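**Student:** make a model of this:
(2 chains)
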Amino acid sequence: KAGVTQTPRYLIKTRGQQVTLSCSPISGHRSVSWYQQTPGQGLQFLFEYFSETQRNKGNFPGRFSGRQFSNSRSEMNVSTLELGDSALYLCASSRIWGAQNTEAFFGQGTRLTVV
Amino acid sequence: QKEVEQNSGPLSVPEGAIASLNCTYSDRVSQSFFWYRQYSGKSPELIMSIYSNGDKEDGRFTAQLNKASQYVSLLIRDSQPSDSATYLCAVKEDDDMRFGAGTRLTVKP
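**Tutor:** Purely as a prediction, here's the structure:
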């Protein structure tokens, strides 16, 4: 069974540009969460999608947005990139949303560097 | 503010010893608890989940949960150098999952 697939794995962008990251969840999983991980801040929750609807959102500016498609694949977009957006962006897939005893599995992440 | 606290370490143990990783959480209604292992430069990997009070064993790993004390721990028996990683505690209530900052474990040969 294939795991969570994130593309691209590495990305270098210039300040002010925008970027789109993609996440394909485990087959049969319908919930996708996004996290930003930096050495200083640890894992910070961005947002979670289930059935093409954003169910939960973390404390990030509006430059960070996402969406989910009918096949459960998800994308996140960051506009007007800043140097501080350099981080490892992780996607986690879960079978369902909002239920207890539901495990989340991470993809390999996309390492974004903003120069 | 719901908090998940872990000792950042580094925690250093000799090969073959028991490594004990601890996590406390502030939200009494949290119901699901997870341990992830993250190697440097890699993504977190789920190694244990525990939902009820007591111990849960899986190979060399044992998770312990005490909801009354709001405490969850991970024991690694017969620690190996390959266990050297950062261990993240995650606590979930309904649709809200929060992570601790992680404990860095080093197992010395």
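
**Student:** going by C-alpha atoms from here, please, whenever you check contacts or count neighbours.
**Tutor:** OK.

**Student:** ok, and what's touching stretch B:87-94?
**Tutor:** A:98-100, B:4, B:6, B:21, B:23, B:25, B:29-38, B:44, B:97-105 (C-alpha atoms under 8 Å, 6 or more residues apart in numbering or on different chains).

**Student:** from the centroid of chain A, which residue is nearest?
**Tutor:** Nearest residue to the geometric centre of chain A (C-alpha atoms, centre = their mean): A:Trp34, 3.0 Å.

**Student:** now it: which helix or strand?
**Tutor:** Using DSSP states H and E, A:Trp34 sits in strand A:31-38.

**Student:** all strands of chain A, in order?
**Tutor:** Using DSSP state E, the strands of chain A run over A:5-7, A:10-13, A:19-24, A:31-38, A:42-50, A:53-57, A:64-68, A:74-78, A:87-94, A:104-106, A:110-114.

**Student:** swap in chain B?
**Tutor:** Under DSSP E, chain B gives strands at B:4-6, B:11-14, B:19-25, B:32-38, B:45-50, B:54-58, B:61-66, B:71-76, B:85-93, B:96-99, B:103-108.

**Student:** now for the closest residue in space to A:Pro25 that isn't next to it in sequence, how many residues are close by?
**Tutor:** If the residues on either side of it in the chain are set aside, A:Pro25 comes closest to A:Val4, at 4.7 Å by C-alpha to C-alpha, 6 or more residues apart in numbering or on different chains. Residues lying near A:Val4 (other C-alpha atoms under 10 Å in any protein chain shown) number 22.

**Student:** which residues sit in contact with A:Val4?
**Tutor:** A:Cys23, A:Ser24, A:Pro25, A:Ile26, A:Cys91, A:Ala92, A:Ser93, A:Phe105, A:Phe106, A:Gly107, A:Gln108.

**Student:** okay, those residues in TSV with pLDDT, neighbour count and distance to B:Cys89 next?
**Tutor:** Shown next, in TSV, are these (pLDDT from 0 to 100; neighbours: other C-alpha atoms under 10 Å in any protein chain shown; distance: C-alpha to C-alpha, whole Å):
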residue	pLDDT	neighbour count	distance to B:Cys89
A:Cys23	98	27	23
A:Ser24	98	23	24
A:Pro25	97	28	22
A:Ile26	96	23	22
A:Cys91	97	32	17
A:Ala92	96	25	15
A:Ser93	95	30	17
A:Phe105	96	23	14
A:Phe106	97	25	14
A:Gly107	97	23	18
A:Gln108	97	24	19
